[in-house]
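K.L.:
Model the following, please.
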Amino acid sequence: MGAALIWREGPDMNVAVSPAFDVVSVNLLQTLLPLHIVVSDGGVITQAGATLSKISGDGSLVGELFDDVFEVIKPAGLQGRRALLATVGSAVHLRFKKPPYTRLKGVVAVDHGEGLTVLTLSFGIGVVDAVQRFGLTSRDFAPNDPTIEMLYVVEAKSAAMNESRKLNDRLQHAKLSAEHDAQTDPLTGLHNRRALIQVLESAISAARKFTLIHMDLDYFKAVNDRLGHAAGDAVLSAAAGVMQSHFRGSDCIARTGGDEFVAVMMDTTDGNAVKKLCERLITAIEVPIEVDTNSAAISGSIGFTCSAQYNVPQIGRMMNDADHALYASKRGGRGRVTQFEGLSDEATKKNGGLS
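P.N.:
Have a look, this model is predicted:
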């Protein structure tokens, strides 16, 4: 509810207010029914509530013809007073004829003693949209209008939903952060073994071709012994940065142990191309790394194997084969690359502690 449309009956269309409709009555209507309008028998709007004027878009409606301002939607085919009288006791639906074409609905009653046709109006289900569109507040509704309580409920629900969305966003961020941390090596920022296994499982499940590369830093133990673990951590971080600069963004690079790294090159099984890339990587790794006032020199030994070498690729077997190829590189003098090609058992035995 929240408004009244009052039709003044009488022979003179210029009469704005009947004798019974004094200033006190006008003030009461402005207070109690801020959406009301008063229309003369000739169809001229002689009085309009503040809220109705506010939503009309043109300010005061006084002096306008009712039929120029409103379109009667229901009952269809009737306009003006005829439409109102035809809907006594039932619903009538109006719409402003100018943008934003706000709709109003109400129920018509006739006061035969005063000669008035009264229409109480409301926004109906469009009240929330009207409040947002026109910036309405509780002052724009009748004091006892239940719409106010409904708007409080809507506002409370909106605030609760907003807080719920914020909480969900925080929880989602925390979840993603926890998942990232669970798959990331804290020192180098590379993937860890858990993330590596997930990548390999996904690649094998999707039947994607890939190359598995295992690299171990040469002479790293000497850096730790000579310069300390803090310097060793700096060297590991620098080596990780070099690896990231040599592989593609779509490749997975993981730190799987102290100075051990594994890379997975997706959709790549060209052994010669992989070997050339690894040789460039070793050359870059061998550039001395400055740690404070000291220089740390390391190298890298690499072994790799391609999924195309297996009828059915298996993670454990490929990791083991790449590891065997890595130790073949170490036994061959370090600082080199070896592709696994079915090395003999003797050649793949551990090398007695080379590092």
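K.L.:
Now do the strands in the stretch 1-150 of the chain.
P.N.:
Assigned strands in the stretch 1-150 of the chain, in chain order: 3-8, 37-39, 45-48, 70-74, 91-96, 103-111, 116-122 (criterion: DSSP state E, counting those that start in this stretch).
K.L.:
Now tell me which of these the model trusts least on average.
P.N.:
Of all the strands of the stretch 1-150 of the chain, mean pLDDT reaches its minimum on strand 3-8 (a mean of 54).
K.L.:
Low-confidence stretches in the stretch 51-200 of the chain?
P.N.:
Low-confidence segments of the stretch 51-200 of the chain (pLDDT under 70): 58-59, 81-82, 84-85, 107-120, 144, 148, 150, 152, 154.
K.L.:
Can you show me the helices along it?
P.N.:
Secondary structure of the stretch 51-200 of the chain (DSSP state H, counting those that start in this stretch): helices at 66-69, 80-86, 127-134, 146-182, 193-205.
K.L.:
Counting by contacts, list what the fourth one packs against.
P.N.:
With contacts taken as 3 or more C-beta pairs under 8 Å, 6 or more residues apart in numbering; DSSP states H and E, helix 146-182 sits against helix 127-134. C-beta coordinates here come from the backbone N, C-alpha and C atoms, glycine included.
K.L.:
Repeat that for the last one.
P.N.:
In this structure, helix 193-205 packs against strand 210-218, strand 252-255, strand 260-266, helix 315-331, with contacts taken as 3+ C-beta pairs under 8 Å, 6+ apart.
K.L.:
got the contact list for that helix?
P.N.:
For helix 193-205, contacts defined as C-beta atoms under 8 Å, 6 or more residues apart in numbering pick out 182-184, 191, 210, 212, 252, 254, 256, 262, 264, 266, 307, 313-315, 318.
K.L.:
Just the buried ones out of those, please.
P.N.:
Neighbour-count burial within those applies to 183-184, 191, 210, 212, 252, 254, 256, 262, 264, 266, 307, 313, 318; the criterion is 16 or more other C-beta atoms under 10 Å.
K.L.:
could the helices and strands packed on helix 193-205 go into CSV alongside mean pLDDT and distance to residue 232?
P.N.:
Listed next are those as CSV, based on pLDDT from 0 to 100; distance: least, C-beta to C-beta, whole Å:
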stretch, mean pLDDT, distance to residue 232
strand 210-218, 96, 10
strand 252-255, 96, 13
strand 260-266, 96, 14
helix 315-331, 95, 19
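K.L.:
Let me see the backbone angles for residue 98.
P.N.:
Backbone torsions of residue 98, given as degrees, to the nearest 10, read phi -110, psi 160.
K.L.:
what's the neighbour count on it?
P.N.:
12 (other C-beta atoms under 10 Å).
K.L.:
Was I right to think it contacts residue 61?
P.N.:
No: contact criterion C-beta atoms under 8 Å: residue 98 and residue 61 do not qualify, at 11.2 Å.
K.L.:
wait, which of the helices of the stretch 51-200 of the chain is closest to residue 93?
P.N.:
Proximity to residue 93 (C-beta to C-beta) singles out helix 80-86 among the helices of the stretch 51-200 of the chain, at 9.8 Å.
K.L.:
low-scoring stretches of the stretch 201-350 of the chain, by residue?
P.N.:
The model of the stretch 201-350 of the chain has pLDDT under 70 over residues 342-350.
K.L.:
Tell me who's in contact with residue 338.
P.N.:
Per C-beta under 8 Å, 6+ apart, neighbours of residue 338: 302, 303, 304, 325, 326, 328, 329, 332.
K.L.:
The fourth one: neighbouring residues, count only.
P.N.:
Yep, that's residue 325 we're talking about. If you count neighbours by other C-beta under 10 Å, residue 325 ends up with 25.
K.L.:
what's the distance between the nearest residue to residue 250 once chain neighbours are set aside and residue 190?
P.N.:
Nearest residue to residue 250, sequence neighbours excluded (C-beta to C-beta, 6 or more residues apart in numbering): residue 266, at 5.6 Å. Going from residue 266 to residue 190 by C-beta to C-beta, to the nearest Å gives 16 Å.
K.L.:
Off-centre distance for stretch 289-308?
P.N.:
41 Å (C-alpha atoms, centre = their mean, to the nearest Å).
K.L.:
Pull out the buried residues from that stretch.
P.N.:
So, applying 16+ other C-beta under 10 Å, buried residues of stretch 289-308: 289, 291, 296, 298-307.
K.L.:
nearest to residue 341, of these?
P.N.:
residue 305 (8.7 Å).
K.L.:
Could you save the buried ones among the contacts of helix 193-205 as a markdown table and add columns showing distance to residue 87?
P.N.:
Output for the buried ones among the contacts of helix 193-205, formatted as a markdown table (distance: C-beta to C-beta, whole Å):
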| residue | distance to residue 87 |
| --- | --- |
| 183 | 68 |
| 184 | 70 |
| 191 | 72 |
| 210 | 75 |
| 212 | 80 |
| 252 | 72 |
| 254 | 76 |
| 256 | 80 |
| 262 | 80 |
| 264 | 75 |
| 266 | 71 |
| 307 | 78 |
| 313 | 78 |
| 318 | 81 |
